[in-house]
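Undergrad: Turn this into a structure:
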Amino acid sequence: MRAFRVTIAILCALTALSCGTKKQGNGITLTLYHWMEQDRTLWEEEIIKPFEAAHPGIRVVLQTSPYSMYVTKSLTSIASGSELADVMFAEDWFGQELIQKNYALNLTPFVQRDITLSDFNTETFTEWRGVAQRDDELYGFCASLGLTVLFYNKDLFDAAHIPYPDTTWTYDDLRRVGKQLTVDANRDGTPEQWGLSFDVQYTGLETILYSFGGRLLTDDSRRADLHGPATVRGFRYIRDLFLDHRIASHTTSFVNPWDSFVGRRSAMILIASHGALNLEGSPIRWDLTFPPKGPDGKRMSRRFTMAYMIPRNSPHPEEAWQLLHWVLTKSPVQRLNTQYLGMMPTYKPFTRSAEWLHAGPTHNRHLLVELEERHAFPLFTPAWQEWRDNNLTPEMLLMIQGQKPLEQCLDDAERRINTVLSRVFPQ
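TA: Here you go, the predicted structure:
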């Protein structure tokens with residue numbers, strides 16, 4: 001993450017903007033903070049108003065910021081000690097920053113009192129317990145999750161008379177069919193249709209590595225480990241997709257990887273499940289399935305999560321928890337796809353309901369439930385964005401372009417990542 005510097009002027013400005021919790025007459029005003037301004041009507045009319053009606057004396061104000069400002073403003077709140085919100089939404093990578101900075105309240109007492117754990121995908125608590133992973137610490141309650149899946153274009157498969165991908169596929173199958181679906185009709189060396197769209201900046205990278213039995217981090221997640229045999233085998237498979245087999249275009253790693261799939265220029269894409277929102281209303285006939293199995297029959301899908309947190313400086317944590325609990329369990333199930341940006345809710349009564357399972361855009365949501373329960377894994381540390389996006393990804397781009405040998409990319413990536421992690425976890 002870029003070094004965080006703040007001037008007195010910015011501190012004063014953002015402190016003035018912070019709403020926090022305020023007494024209003026005989027009632028309490030809570031601030032709910034996130035970055036999804038485009039869905040304000042949904043939040044205000046279908047979530048907040050029903051909560052206020054059921055909780056007389058509590059008023060909720062929705063505060064939003066553009067995503068980059070959301071992150072900056074949250075970090076500024078920590079630096080200044082100002083009250084920013086009573087309930088806030090955070091992605092898993094940013095949640096690690098907030099937990100490490102001791103910003104979030106431990107929700108365990110509330111959870112033990114009010115939550116039936118069997119109603120939730122509690123394996124997602126892993127990402128929100130902090131580095132120590134203590135069972136009595138939970139700094140964010142995970143509301144939604146995404147998974148890495150394989151999307152495919154049925155029309156392109158039908159045109160080539162190839163059966164659709166299914167749960168038996170291995171990565172050898174992905175490569176084999178990807179070759180069949182890569183079309184360079186004029187033989188100019190640039191296919192008009194690629195077999196696969198694959199972005200090394202996103203979740204597909206980890207999904208392949210861990211399915212191959214490899215890893216990015218040591219067991220304690222405090223250092224990079226990119227040189228194990230299985231890890232190198234996974235990286236080599238990824239490199240070969242671009243350079244040797246030429247079934248994926250490296251240019252899609254510089255732009256939105258969805259562009260080629262939505263534009264019918266790639267037959268498959270290995271990416272996050274909530275990308276289905278990109279296909280809502282599309283004329284493409286598509287579906288999704290499990291990511292393939294690795295060489296030893298191991299199937300993995302990298303999970304990522306979003307959670308609600310209560311800042312430690314909220315003056316009314318009990319009321320904030322009442323709001324958090326309401327949003328978790330009483331949100332309008334038919335609107336969850338929008339509320340959580342296409343991600344799967346962790347509340348099982350929702351994911352077992354016909355309203356969610358058959359909601360648009362229509363796809364195999366039963367498969368997502370099974371994938372989470374049997375094959376998903378998290379990957380997180382503090383400073384995730386800095387070491388993953390700013391230090392690993394540049395080396396991966398050089399690798400898939402053939403500008404640097406694989407071994408040199410792994411050496412340089414491991415060194416760069418450990419420079420960051422040694423600051424986060426000094427020995």
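
Undergrad: What is the burial count for residue 300?
TA: By the measure other C-beta atoms under 10 Å, the count of residues near residue 300 is 22. Every C-beta, even on glycine, is put in place using the N, C-alpha and C of the backbone.

Undergrad: Assumed residue 165 was part of a helix.
TA: No: the assignment for residue 165, made by DSSP: H, G, I helix; E, B strand; the rest coil, is coil rather than a helix.

Undergrad: My guess is it contacts residue 150. True?
TA: Yes: at 5.7 Å, residue 165 and residue 150 qualify as touching, with contact defined as C-beta atoms under 8 Å.

Undergrad: shared neighbours, those two?
TA: Counting by C-beta atoms under 8 Å, 6 or more residues apart in numbering, the contacts common to residue 165 and residue 150 are 174, 268, 289, 292.

Undergrad: Now, these that are in strands?
TA: 268, 289 (DSSP state E).

Undergrad: Please report which of the shared contacts of residue 165 and residue 150 has the highest neighbour count.
TA: Ranking the shared contacts of residue 165 and residue 150 using other C-beta under 10 Å puts residue 268 first, with 27 neighbours.

Undergrad: So that one sits against residue 149, correct?
TA: No: counting by C-beta under 8 Å, residue 268 does not reach residue 149; the two are 10.6 Å apart.

Undergrad: low-confidence ranges in this structure?
TA: Residues of the chain meeting the criterion pLDDT under 70: 1-26, 252-255.

Undergrad: Next, name the residue at the spatial heart of it.
TA: Closest to where the C-alpha atoms of the chain average out (C-alpha atoms, centre = their mean) is residue 304, at 3.7 Å.

Undergrad: List the residues that contact that residue.
TA: So residue 304 contacts 91-93, 145-146, 203, 272, 378 (C-beta under 8 Å, 6+ apart).

Undergrad: Show me the strands in the stretch 201-350 of the chain, by range?
TA: 266-272, 286-289, 301-302, 304-309, 344-345 (DSSP state E, counting those that start in this stretch).

Undergrad: mind checking which of those is nearest residue 62?
TA: Among these, the nearest to residue 62 by C-beta to C-beta is strand 304-309 (13.5 Å).

Undergrad: how far does that closest one sit from the chain's center?
TA: 9 Å (C-alpha atoms, centre = their mean, to the nearest Å).

Undergrad: and if you look at stretch 305-319?
TA: Using C-alpha atoms, centre = their mean, the offset of stretch 305-319 from its chain centre is 21 Å.

Undergrad: hmm, back to that, could you list everything the residue nearest to the centre of the chain pairs with in the sheet?
TA: Listed by DSSP bridges, the beta-bridge partners for residue 304 are residue 146.

Undergrad: thinking again about what came up before, buried ones among the contacts of residue 304?
TA: Neighbour-count burial (16 or more other C-beta atoms under 10 Å) is assigned, among the contacts of residue 304, to 91-93, 145-146, 203, 272, 378.

Undergrad: Spatially nearest residue to residue 399, not counting backbone neighbours?
TA: Spatial nearest neighbour of residue 399, chain neighbours left out: residue 409 (4.4 Å); criterion: C-beta to C-beta, 6 or more residues apart in numbering.

Undergrad: Make sure the one you found is actually in contact with residue 398.
TA: Yes: if you go by C-beta under 8 Å, residue 409 and residue 398 touch, sitting 5.9 Å apart.

Undergrad: More neighbours: those two, which one.
TA: Using other C-beta under 10 Å, the more surrounded residue of residue 409 and residue 398 is residue 409, with 22 against 17.

Undergrad: So which elements touch the helix or strand that contains that one?
TA: Element membership for residue 409, per DSSP states H and E: helix 406-424. On a contact count with 3 or more C-beta pairs under 8 Å, 6 or more residues apart in numbering; DSSP states H and E, helix 406-424 meets helix 229-243, helix 393-400.

Undergrad: any chance of those in JSON lines, plus distance to residue 342?
TA: Formatted as JSON lines, the helices and strands packed on helix 406-424 follow (distance: least, C-beta to C-beta, whole Å):
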{"stretch": "helix 229-243", "distance to residue 342": "25"}
{"stretch": "helix 393-400", "distance to residue 342": "23"}
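
Undergrad: Out of those, which gets nearest to residue 61?
TA: Of the helices and strands packed on helix 406-424, nearest to residue 61 by C-beta to C-beta is helix 393-400, at 37.3 Å.

Undergrad: Could you give me the buried positions within the closest one?
TA: 393, 395-400.

Undergrad: Next: stretch 220-228.
TA: Buried residues in stretch 220-228 (16+ other C-beta under 10 Å): 221-224, 226.

Undergrad: ok, now stretch 276-285?
TA: Residues 276, 278-279 are the ones in stretch 276-285 that count as buried (16+ other C-beta under 10 Å).

Undergrad: same deal with stretch 92-105?
TA: 92-100, 103-105.

Undergrad: Any idea which of the strands of the stretch 201-350 of the chain gets closest to residue 369?
TA: Residue 369 lies closest to strand 344-345 among the strands of the stretch 201-350 of the chain, at 7.4 Å (C-beta to C-beta).

Undergrad: In the sheet, which strands lie alongside the closest one, parallel or antiparallel?
TA: Sheet pairing for strand 344-345, using DSSP bridges, gives strand 141-146 (antiparallel).

Undergrad: how many degrees apart are the partner strand and strand 304-309 in direction?
TA: Following axes from the mean of the first three to the mean of the last three C-alpha atoms, to 10 degrees, one obtains 160 degrees for the angle between strand 141-146 and strand 304-309.

Undergrad: and after strand 141-146, which helix or strand comes next?
TA: Following strand 141-146 in sequence, per DSSP H and E, is strand 148-153.

Undergrad: who does that next one touch, helix- and strand-wise?
TA: If you count contacts as 3+ C-beta pairs under 8 Å, 6+ apart, strand 148-153 packs onto helix 203-211, strand 266-272, strand 286-289, strand 301-302, helix 365-375.
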